[in-house]
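Novice: got a sequence here, can you model it:
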Amino acid sequence: MEGVIHKSIVILALVIGVGSATARPNIVTGTNNSAVDIRAVQAAVDEGGDVILTGHFSFDAVPSTPAGAAYARIVTVSKSVFISGSPDANGDMPTISGGNWPFFIDAAGARVSIRGLRFVGPKAGAIWVYAVAGLSIANCRIEGVISTAEFGVQAGVSGTNLAGGIAVFGDPHPPSVNFPGHPENFSGGMEIVNNYIDMAGQPAALHLGITFFSVGTSPDREVDIHIARNTVLNVTEPAIDLGFISGRILLERNRITTGSVSGPAMNPDAVRILGSGRYLITHNSIDCGWPEPTATGLNVYGNIRSSSNSAVVIDNDVTMSAPEGIAFATNSAGIEIGGVAAGAAAINNRVRGRAAAALSVYDRSGNIPADTTLIGNDFVGFQGSIGDVFVDAGVSGTVIVGPQMRIEDRGSSTTVVTK
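Specialist: The predicted structure is shown next:
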């Protein structure tokens, strides 16, 4: 009997596998009519499985808020689905025009993939991931996101319009003790790769690129995040903003150009790493051109919700291309490690351009980093109003190794080895 049961299970598995492999995808062709397109795409994703979009879609309609939900959107993804774009007869990517959050992923326990789509002029953002257990967003183009006052209110910046390209969070408010978010909404592997995002930032608004806030819980629902080979342009706030991640994050080979337009920036960091998470940040190219005295290319810091974070920043190219004549504040840097970040390392990075310092280890409102390692970084072509390396008062245990450099050391127990 045991052998019969085993044989039956094998046969059933083969049948299921064949069925899955030969299941016909649901193909939806855009009509450029929002009343038709939105209904057709929603029906397709409600079925799950493979959904292929082709042609031109209009999502230019008033968003809806499903019963029991807090946020408006156009299409809700609520189950496992693989959404991909197929070029039309002219070779053009499927294009989705307009729409306040064209795709809102609320798929707890499910895996979702969105690939090969072009978003033109979405409002607030293109893709909001609210809950998921495995995510892939790849090979998409997002162009000219239109900021909204409503999104600003949701994120706690009333009176300021806000826009984002790809957002992964259960609460758009930046995480803090009072706003812990919903990290339990997320688990599994998550990738954001090979996307092109031009936020077309406006001076009166906040435009972010890729954002993860409060994602994953330890120890049973940690996440593995891979953010790679994305191009993010023309932002007025962080191009990549990662805060309070439980799990591992690989941030590699992204190309970031902020542009010269700065908005009402509260934290002008081209890339911001906040709080918990185990980070490897490598081979990224960052050009920070904001005319802001406190701008940083890459800012790694902890705060009161996290006593430590582990970050290795290695082999990145950072250019601080602010116009001449800016009077830089002491917390302006190409790469800054601050707050209660502990045990972080910056190794073999290249910093060019102008700022207060190329590398800075900085006290943020009484939150002080410790045991930071800076090794083999290259400052050729950098002009620092303070120096190449700045170690703030109260900072302890910093190790600096490299060629002859200008160091402003106000900390304690700093070790310097020049060669």
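Novice: tell me if I'm right that Gly376 and Arg350 touch.
Specialist: No - if you go by CB atoms under 8 Å, Gly376 and Arg350 don't touch, sitting 10.3 Å apart. Using the backbone N, CA and C atoms, a C-beta is placed for each residue, glycine as well.
Novice: which helices and strands sit right next to the longest strand seen in the chain?
Specialist: Using DSSP state E, we find that the single longest strand of the chain is strand 350-362. Contacts defined by 3 or more CB pairs under 8 Å, 6 or more residues apart in numbering; DSSP states H and E place strand 350-362 against strand 296-301, strand 317-320, strand 333-338, strand 382-391.
Novice: hang on, isn't Trp290 packed against Asn267?
Specialist: No - Trp290 lies out of contact with Asn267 (CB under 8 Å); the separation is 11.4 Å.
Novice: higher neighbour count, those two?
Specialist: A direct count of neighbours by other CB atoms under 10 Å for Trp290 and Asn267 places Trp290 higher, at 27 against 14.
Novice: spatially nearest residue to that one, not counting backbone neighbours?
Specialist: Ser262 (4.2 Å; CB to CB, 6 or more residues apart in numbering).
Novice: and that neighbour, how far from Asn234?
Specialist: From Ser262 across to Asn234, the span is 11 Å (CB to CB, to the nearest Å).
Novice: now do Cys288
Specialist: Counting by CB to CB - Cys288 and Asn234 are separated by 12 Å.
Novice: and for the two, which residues touch both?
Specialist: Thr258 (CB atoms under 8 Å, 6 or more residues apart in numbering).
Novice: looking at these two, which is more packed in?
Specialist: Neighbours were counted for Cys288 and for Asn234 using other CB under 10 Å; Cys288 has more, 28 against 20.
Novice: now do that one against Val235, distance only.
Specialist: Relative to Val235, and taking CB to CB, Cys288 is found at 10 Å.
Novice: please say which of Gly376 and Arg350 ends up with more neighbours.
Specialist: Arg350 (18 against 14).
Novice: isn't that one right up against Asn316?
Specialist: Yes - applying CB under 8 Å as the test, Arg350 and Asn316 come out as touching, 7.4 Å apart.
Novice: re earlier: who touches both of Cys288 and Val235?
Specialist: Thr258, Ala270.
Novice: over to Gly68. Which of the three states is it?
Specialist: coil (DSSP: H, G, I helix; E, B strand; the rest coil).
Novice: how close does it get to Ala61?
Specialist: Taking CB to CB, one finds Gly68 at 21 Å from Ala61.
Novice: the more surrounded of the two?
Specialist: Between Gly68 and Ala61, counting by other CB under 10 Å, Ala61 is the more crowded of the two (14 against 5).
Novice: please verify my assumption that that one contacts Gly99.
Specialist: Yes - using CB under 8 Å, Ala61 is in contact with Gly99, at 7.1 Å.
Novice: overlap in contacts of these two?
Specialist: Common neighbours of Ala61 and Gly99, using CB under 8 Å, 6+ apart, are Ile38, Ile74.
Novice: flag the shaky bits of this structure, pLDDT-wise.
Specialist: Where the chain drops to pLDDT under 70, the residues are 1-22, 265-266, 303-309.
Novice: the residue positioned nearest the centre of it: what secondary structure?
Specialist: By CA atoms, centre = their mean, the chain has its centre lying nearest to Ile210, at 3.0 Å. Taking three-state DSSP as the rule, one finds Ile210 in the strand state.
Novice: following element in sequence after whichever helix or strand Ala270 is part of, please.
Specialist: Assigned by DSSP states H and E, Ala270 belongs to strand 269-274. Later in the chain than strand 269-274, the nearest helix or strand by DSSP H and E is strand 278-282.
Novice: that following strand vs strand 333-338, what angle?
Specialist: 170 degrees (axes from the mean of the first three to the mean of the last three CA atoms, to 10 degrees).
Novice: show me where this protein has its helices.
Specialist: Secondary structure of the chain (DSSP state H): helices located at 2-22, 34-47, 149-154.
Novice: mind giving me the packing neighbours of the second one?
Specialist: Contacting helix 34-47 under the criterion 3+ CB pairs under 8 Å, 6+ apart are the following elements: strand 26-29, strand 49-54, strand 56-58, strand 75-77.
Novice: for the second one, what is the distance to the chain centroid?
Specialist: The one in question is strand 49-54. Distance, stretch centre to chain centre, for strand 49-54: 25 Å (CA atoms, centre = their mean, to the nearest Å).
Novice: equivalent analysis for the third one, please.
Specialist: Relative to its parent chain, strand 56-58 has a centroid offset of 26 Å by CA atoms, centre = their mean.
Novice: now do stretch 148-160
Specialist: Put simply, stretch 148-160 sits 19 Å off its chain's centre (CA atoms, centre = their mean).
Novice: mind listing what's buried in that stretch?
Specialist: Buried residues in stretch 148-160, defined by neighbour count with 16 or more other CB atoms under 10 Å: Thr148, Glu150, Phe151, Gly152, Gln154, Ala155, Val157, Thr160.
Novice: okay, how far is it across it, tip to tip?
Specialist: 8 Å (CA to CA, to the nearest Å).
Novice: could you do stretch 371-387 as well?
Specialist: Span of stretch 371-387 from end to end, CA to CA: 20 Å.
Novice: tell me how far that stretch is from the chain's mean position?
Specialist: Remark: stretch 371-387 is offset 26 Å from the chain centroid, using CA atoms, centre = their mean.
Novice: go on, stretch 26-33?
Specialist: 30 Å.
Novice: again with stretch 372-389
Specialist: On CA atoms, centre = their mean, the centre of stretch 372-389 falls 26 Å from the chain's centre.
Novice: and for stretch 128-141?
Specialist: With CA atoms, centre = their mean, you get 11 Å for stretch 128-141.
Novice: run through the bridge partners of the residue nearest to Leu117 when sequence neighbours are not counted.
Specialist: Distances taken as CB to CB, 6+ apart put Gly85 closest to Leu117, at 4.6 Å, once the chain neighbours are dropped. Applying DSSP bridges to Gly85 gives these bridge partners: Leu53.
Novice: also Ser285?
Specialist: Those that pair with Ser285 in a beta bridge, by DSSP bridges, are Arg255, Asp317.
Novice: mind listing what it touches?
Specialist: Asn254, Arg255, Ile256, Asn316, Asp317.
Novice: go through the residues you listed and say which is closest to Asn367.
Specialist: Asn316 (23.8 Å; CB to CB).
Novice: what distance do you get for Thr257 to Gly116?
Specialist: Taking CB to CB, one finds Thr257 at 23 Å from Gly116.
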